[in-house]
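In: Just to be clear, the model below is a prediction. Sequence and coordinates:
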Amino acid sequence: MELTERHVEGLKELLYKMADDLLILGHRNSEWTGLGPVLEEDIAFSSMAQDKLGQSLALFELLHELGENVPDIVAFTRNDNQFHNCHLVEMPIGEYDFSLARHFFFDHADAIRFAMLENSSFEGLSMISRKFRGEIKYHTMHADVWMKQLSQGTEESKARMQSAINATFPLALGIFEEGGYEAELKEAGIFEGETALKNQWLEKVTTELQKHGYTLPGINDVTPALGGRKGFHTEHLQPLLNEMSEVFQIDPGADW
Amino acid sequence: MDNRTADIYQILDTVMDPEIPTISLVDLGLVTDVEWENDNPHVKLTPTFSGCPALRIMEQMVHEKLIESGFESPRVSTSFEVAWNTNMISEKGLVALKKHGLAPPPKHAGYIELDVLSDIACPLCDSRNTTMQTPFGPTLCRSMHYCKNCHNAFEAFKPVT
């Protein structure tokens, strides 16, 4: 079908929030570089950071093709109220239990989102979604392995993971905050929508957690952390952006 | 494939992966198409991983090789049109990986599970009595393993769908 202006606006909104999630979580993951609890985990989080930055770049390039500025300018020159990532990804890395819970919740949502987008009518998006599948598979596999390991470790490891799950779940629900163009995106076959994604995700994470004896808080007992998609952020995002763009700001026109 | 296109593949078979010098970009399966703009080739590459830092270097290497081979204004571009996966590595390429000490990726049927990754033959002694230590390695395309037969740590080029 012929895309109207509203379809294109909806498409851009979708691309921005996905790109911003990946850019910000990529940076958070990279904060484990050199600090991971064991060498293998240090490398795992660093590798996943690299994947996420690469994926965000591909999405920013799609936005550029739709008339937005070049990726570096978009990534490094916006303030926090111009970012559309969810609160989950901007939170500091915290203890390893939080980083693992975030990794588990986010990457399962990401895997399902891109699987849905493999059938998107917007060809650029379906193309990169097919590409990302193989990469994200390693991320969800890693998260699942640790959920399992820590459930079988000690009383303490299991209790800490359960409490990280409880604390992270409301943040994770912020991933699915609806945008202003859900109907248009669905109508044009671009994306089935956040609610459809959330339902699939809930089923997936519930099954996976139950396997290892964890429980998920009731969805009606928690308040989802909303606002990120509309540019309202926690106090943690702007300092991250300042640090991330520090080198760029020294000489924005530098030729690398 | 016409003759002049076949020539391009032959030329590019001498451009080696910047991190694994025994395998060419052609054998890795990264060259997905050659189009012609009058007398100049337009070579299309596909990235192994979207976050692969060697991407721009590979484009540059291909471009330089084509100039060296006498083309005046060749074009090289990268796109996701063809999504790379490890089944695209040629037989010659699998041998080349092993020569560099990397266990070649097993062929896959479109999905990867953990047990596929634990069943990797040691590139040093060919034993399958090995264990995967982590699916993430020194570069995005490698995983790390240990051989319980010859007691060596080794890296594998990991299967990607």
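Out: Nice, thanks for sending it over.
In: Flag every buried residue along the helix or strand containing A:Leu59.
Out: If you go by DSSP states H and E, A:Leu59 is part of helix A:39-65. Neighbour-count burial for helix A:39-65 flags A:40-63 (criterion: 16 or more other C-beta atoms under 10 Å in any protein chain shown). For every residue, glycine as well, the C-beta is placed using N, CA and C.
In: Show me what from chain A comes close to chain B.
Out: A:40, A:43-44, A:46-48, A:50-55, A:57-58, A:127-128, A:130-135, A:137-138, A:141-142, A:145 (C-beta under 8 Å from any C-beta of the partner chain).
In: and the one residue in the stretch 151-256 of chain A that gets nearest to chain B, what is it in contact with?
Out: Relative to chain B, the nearest point of the stretch 151-256 of chain A is A:Trp256 (9.9 Å; C-beta to the nearest C-beta). Applying C-beta atoms under 8 Å, 6 or more residues apart in numbering or on different chains, we find A:Trp256 in contact with no residue.
In: Tell me how far it lies from B:Arg56.
Out: Remark: distance between A:Trp256 and B:Arg56 (C-beta to C-beta, to the nearest Å) = 10 Å.
In: for A:Leu237, same thing?
Out: 29 Å.
In: So if I had to pick from the two, which one is more boxed in?
Out: More crowded of A:Leu237 and B:Arg56, by other C-beta atoms under 10 Å in any protein chain shown: A:Leu237, with 22 against 11.
In: show me the residues around the more buried one that make contact.
Out: Applying C-beta under 8 Å, 6+ apart, the residues contacting A:Leu237 are A:Ile24, A:Asp80, A:Phe83, A:Asn85, A:Glu90.
In: Take those and keep only those in helices.
Out: Within the contacts of A:Leu237, residues falling in helices by DSSP state H are A:Ile24, A:Glu90.
In: which one of the contacts of A:Leu237 is nearest chain B?
Out: Top of the list for closeness to chain B, among the contacts of A:Leu237 and by C-beta to the nearest C-beta, is A:Ile24 at 15.2 Å.
In: That closest one contacts A:Asn85, doesn't it?
Out: Yes: A:Ile24 lies in contact with A:Asn85 (C-beta atoms under 8 Å); the separation is 4.7 Å.
In: host element of B:His42?
Out: strand B:40-45.
In: Does that strand pack against any helices or strands, and if so which?
Out: When contacts are defined as 3 or more C-beta pairs under 8 Å, 6 or more residues apart in numbering or on different chains; DSSP states H and E, strand B:40-45 packs onto helix B:3-12, strand B:31-37, helix B:55-68, strand B:75-78.
In: What ranges in the stretch 101-250 of chain A fall below the confidence cut-off?
Out: Scanning the stretch 101-250 of chain A for pLDDT under 70 picks out nothing.
In: The residue in the stretch 1-150 of chain A that chain B sits nearest to: what's its closest spatial neighbour, skipping adjacent residues?
Out: When scored by C-beta to the nearest C-beta, the stretch 1-150 of chain A has A:Gly54 as its residue closest to chain B, at 2.4 Å. Excluding its sequence neighbours, the residue lying closest to A:Gly54 (C-beta to C-beta, 6 or more residues apart in numbering or on different chains) is B:Gly51, at 2.4 Å.
In: that older thread, toward the C-terminus, what is the element adjacent to the helix holding A:Leu59?
Out: Downstream of helix A:39-65, the first helix or strand assigned by DSSP H and E is helix A:71-76.
In: who's in contact with the closest residue to A:Val205 other than its chain neighbours?
Out: Leaving aside its sequence neighbours, A:Val205 sits nearest to A:His108 (C-beta to C-beta, 6+ apart; 5.5 Å). Applying C-beta under 8 Å, 6+ apart, one finds that A:His108 lies in contact with A:Thr140, A:Ala143, A:Trp201, A:Lys204, A:Val205, A:Glu208.
In: From those, list just the buried residues.
Out: By neighbour count, with 16+ other C-beta under 10 Å, the contacts of A:His108 hold A:Thr140, A:Ala143, A:Trp201, A:Val205, A:Glu208 as buried.
In: From the centre of chain B outward, give me the first residue you hit.
Out: Residue closest to the average C-alpha location in chain B (C-alpha atoms, centre = their mean): B:Leu28, at 3.0 Å.
In: same deal with chain A?
Out: For chain A, the residue nearest the mean C-alpha position is A:Asp21 (4.2 Å; C-alpha atoms, centre = their mean).
In: Show me how chain B divides into domains.
Out: B:3-84, B:102-157 (automatic domain parsing).
In: what's the closest of those to A:His212?
Out: Closest of the domains of chain B to A:His212 is domain B:102-157, at 15.0 Å (criterion: C-beta to C-beta).
In: Is any residue of that closest one near chain A?
Out: Yes: Domain B:102-157 lies within reach of chain A by C-beta under 8 Å from any C-beta, at B:Tyr111, B:Ile112, B:Leu114, B:Gln133, B:Thr134, B:Pro135, B:Phe136, B:Gly137, B:Pro138, B:Leu140, B:Met144.
In: need the helices and strands packed on strand B:40-45 in JSON lines with mean pLDDT and distance to chain A, can you?
Out: JSON lines is the format used below for the helices and strands packed on strand B:40-45 (pLDDT from 0 to 100; distance: least, C-beta to the nearest C-beta, whole Å):
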{"stretch": "helix B:3-12", "mean pLDDT": "96", "distance to chain A": "22"}
{"stretch": "strand B:31-37", "mean pLDDT": "96", "distance to chain A": "12"}
{"stretch": "helix B:55-68", "mean pLDDT": "96", "distance to chain A": "9"}
{"stretch": "strand B:75-78", "mean pLDDT": "95", "distance to chain A": "10"}
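In: Okay, A:Gly193 and A:Arg78: tell me how far apart.
Out: To A:Arg78, A:Gly193 is 26 Å away according to C-beta to C-beta.
In: about what we covered before: now for the closest residue to the residue nearest to the centre of chain A other than its chain neighbours, how many residues are close by?
Out: The shortest distance from A:Asp21 to any non-neighbouring residue, by C-beta to C-beta, 6+ apart, is to A:Asn85 (4.7 Å). Using other C-beta under 10 Å, A:Asn85 has 25 neighbouring residues.
In: close enough to count as contact, A:Asn85 and A:Lys230?
Out: No: between A:Asn85 and A:Lys230 there is no contact under C-beta under 8 Å: 11.3 Å.
In: Tell me which residues of stretch B:10-25 come out buried.
Out: For stretch B:10-25, the neighbour count (16+ other C-beta under 10 Å) marks B:Ile11, B:Leu12, B:Val15, B:Met16, B:Asp17, B:Glu19, B:Ile20, B:Thr22, B:Ile23, B:Ser24, B:Leu25 as buried.
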